[in-house]
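Participant: Give me a 3D structure for the following:
(one chain, ligands or ions: 1)
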Amino acid sequence: MVKVFQAADATDLVTELRRSFDDGVTRGYEWRVTQLKKLLLICDNHEPEIVSALHDDLGKPELESSVYEVALLRNSINLAVKQLKDWMAPDKAKTSLTTFPASAEIVYEPLGVVLVISAWNYPFLLSIDPVIGAISAGNAVVLKPSELAPASSSLLAKLLEQYLDSSAVRVVEGAVIETTLLLEQKWDKIFYTGSSRIGRIIMMAAAKHLTPVVLELGGKSPVVIDSDTNLKITAKRIIAGKWGCNNGQACISPDYILTTKEFSPKVIDALKQELEAFYGKNPMESKDMSRIVNSNHFDRLSKMLEEKEVSDKIVYGGQKNRDKLKIAPTILVDVPLDSQIMSEEIFGPLLPIITLNNLEECFDVIRSRPKPLAAYLFTQNQKLKERFALTVSAGGIVVNDIAVHLAVPTLPFGGVGESGMGSYHGKFSFDAFSHKKAVLYKSFIGDAAIRYPPYSTGKLRLLKALVNSNILEIFRVILGLS
Ligand SMILES: NC(=O)c1ccc[n+]([C@@H]2O[C@H](COP(=O)([O-])OP(=O)(O)OC[C@H]3O[C@@H](n4cnc5c(N)ncnc54)[C@H](O)[C@@H]3O)[C@@H](O)[C@H]2O)c1
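Facilitator: Numbering: from 1, shown residues only. As a prediction, the model looks like this:
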């Protein structure tokens, strides 16, 4: 019988991990790099099992599992192993006249015991990627994978227990009850990936202990298409980023398209043509697309499609099979902006196209809505690219492609406003789990009497000049000039 996770288990778990942290188990370079290399071994030795778990949970095609989960993880781990010494080294900081003589540095201090709560759609990537950051930064870590991807969750629990140091890295499987018990504990950071709704619950629980959070949330990521674009490539990239990424169940998947009324028929034709080239005449039978994760999400998506003034706007697809949890790639045109499909994150294979008079109106639609996790623009117009990058707020922006910024570790990945707070990937993951400690070294040389009472006008003038680094004024005070 599976043992039920109870409040005392959560408390004991954190106590145990805190003891390891306090004993310094996780702080040294050797421990960190050994654990990272173990994560690499998991990828090397267990890829077929991972692919199979992802197939059980989501019907994810092998290519997507191997590349977008395992290969991306390998990249993250290799980068951390290669850069760890550099990341851990303190950064020298400049000092000022006020503290002269002194030296200063920024020390990257591990936070302590951290909690990672991840989502079901990329269950390996979204679980292990933050754990890489937590370990790199020298923390003890508890991972809580999503219960909605049970095969992946149990494989993660098995493999992390088998490979990693269980005195400092643990997996707790479970759903709301288990997560709630974990959230009652005092953590030094909570890293959460999931919906904005639950993000609010996480932040409220964290506030009780003044625990900092990273919230990797979602939102409605828009795609603007200008008529000055390579339409064939545009269509292919949108399809690859939408249906080719877990069938639209991805946080940076295109949620809706904005284009001009005039150009929209060409956009629709191009999408139809490439969809057929990718998935054939009957996409419901295609093995190259994930299924919907479960019947709740299937019903949620169906409800969106069946809404009045939405169901009659389908121009492509619309087929569904609840038994197989399949929904065909579906394109809709000019659904009402206040419909459910245009108000909530779609997170599935439906793609509305909204047509407007010009591109400025398209940009205005984005600006009038909660800030998305990603915003995309397809154009060859340099001025438009710059205007988009400067005036549209989103977690990240990609011009002329979809979702690929996720694979660039020199770019921070995270949301803004409603799409989240904090970021990770590459060095940003290390930073997310580190405290940047300011350290100033002074000696007993050059002890200036001017900072000590009794105060005088001369001391006041000199101190002000020193704080403002006003060399001329310093000389004037020293030389007794007014
Ligand atoms: N920014 C990113 O990197 C990223 C990545 C993937 C998904 N997402 C977003 O996540 C959302 C989809 O994920 P989801 O929320 O359906 O995933 P989910 O249902 O798996 O939930 C995420 C986590 O929250 C936990 N949880 C659920 N209810 C809870 C509660 N009441 N209290 C505490 N914990 C609870 C779950 O157990 C799970 O571990 C979308 O909005 C998507 O855009 C964001």
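
Participant: all contacts plus neighbour counts: C-alpha atoms, from now on.
Facilitator: OK.

Participant: which residue ranges form the helices in the stretch 51-200 of the chain?
Facilitator: 62-65, 72-88, 125-136, 150-163, 176-183, 196-208 (DSSP state H, counting those that start in this stretch).

Participant: Tell me which of the ones you listed lies nearest to Lys236.
Facilitator: helix 62-65 (16.1 Å; C-alpha to C-alpha).

Participant: Go through the closest one and flag the buried ones.
Facilitator: Along helix 62-65, these residues count as buried under the neighbour rule (16 or more other C-alpha atoms under 10 Å): Glu62, Glu64, Ser65.

Participant: Surely Ala205 and Gln185 touch.
Facilitator: No - Ala205 is beyond contact range of Gln185, at 9.0 Å (criterion: C-alpha atoms under 8 Å).

Participant: How about the residues of the stretch 51-200 of the chain by the ligand?
Facilitator: 117-120, 144-148, 175-176, 179-180, 193-195, 198 (C-alpha under 6 Å from any ligand atom).

Participant: Just the buried ones among these, please.
Facilitator: 117-120, 144-148, 179-180, 193-195.

Participant: now the residues you listed in CSV, with distance to Ile402?
Facilitator: Putting those into CSV (distance: C-alpha to C-alpha, whole Å) gives the following:
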residue, distance to Ile402
Ile117, 26
Ser118, 23
Ala119, 21
Trp120, 21
Lys144, 29
Pro145, 26
Ser146, 25
Glu147, 28
Leu148, 26
Thr179, 33
Thr180, 35
Thr193, 20
Gly194, 20
Ser195, 21
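
Participant: Mind checking which of those residues land in strands?
Facilitator: Under the assignment DSSP state E, those contribute Ile117, Lys144, Thr193 to strands.

Participant: is stretch 369-378 anywhere near the ligand?
Facilitator: No - for stretch 369-378, no contact with the ligand is found by C-alpha under 6 Å from any ligand atom; the gap never falls below 6.8 Å.

Participant: In PDB, please show the C-alpha coordinates belonging to that stretch.
Facilitator: Extracted in PDB, the C-alpha atoms of stretch 369-378 (Å, rounded to 0.1, in the frame of the first residue of the first chain):
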ATOM      1  CA  ARG A 369      -4.500  42.700 -22.400                       C
ATOM      2  CA  PRO A 370      -2.500  41.000 -19.600                       C
ATOM      3  CA  LYS A 371       1.200  40.800 -20.400                       C
ATOM      4  CA  PRO A 372       1.900  37.500 -22.200                       C
ATOM      5  CA  LEU A 373       4.700  35.000 -21.600                       C
ATOM      6  CA  ALA A 374       5.800  35.400 -25.200                       C
ATOM      7  CA  ALA A 375       4.900  37.600 -28.200                       C
ATOM      8  CA  TYR A 376       5.800  36.900 -31.800                       C
ATOM      9  CA  LEU A 377       6.000  39.000 -34.900                       C
ATOM     10  CA  PHE A 378       6.600  37.800 -38.500                       C
END
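
Participant: Show which residues not belonging to it make contact with it.
Facilitator: 217-226, 229, 234, 251-252, 385, 388, 392-403, 414-420 (C-alpha atoms under 8 Å, 6 or more residues apart in numbering).

Participant: Would you mark the buried spots in that stretch?
Facilitator: Within stretch 369-378, the residues scored as buried using 16+ other C-alpha under 10 Å are Lys371, Pro372, Leu373, Ala374, Ala375, Tyr376, Leu377, Phe378.

Participant: Max pairwise distance over those: which two?
Facilitator: Lys371 and Phe378 (19.1 Å).

Participant: picking up where we left off before, now render the buried residues of helix 62-65 as TSV, adding distance to Asn282.
Facilitator: Output for the buried residues of helix 62-65, formatted as TSV (distance: C-alpha to C-alpha, whole Å):
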residue	distance to Asn282
Glu62	20
Glu64	20
Ser65	23
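
Participant: could you dump the residues you listed to TSV with distance to Ile331 and pLDDT?
Facilitator: What follows is the buried residues of helix 62-65, written out as TSV (distance: C-alpha to C-alpha, whole Å; pLDDT from 0 to 100):
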residue	distance to Ile331	pLDDT
Glu62	26	98
Glu64	23	97
Ser65	25	98
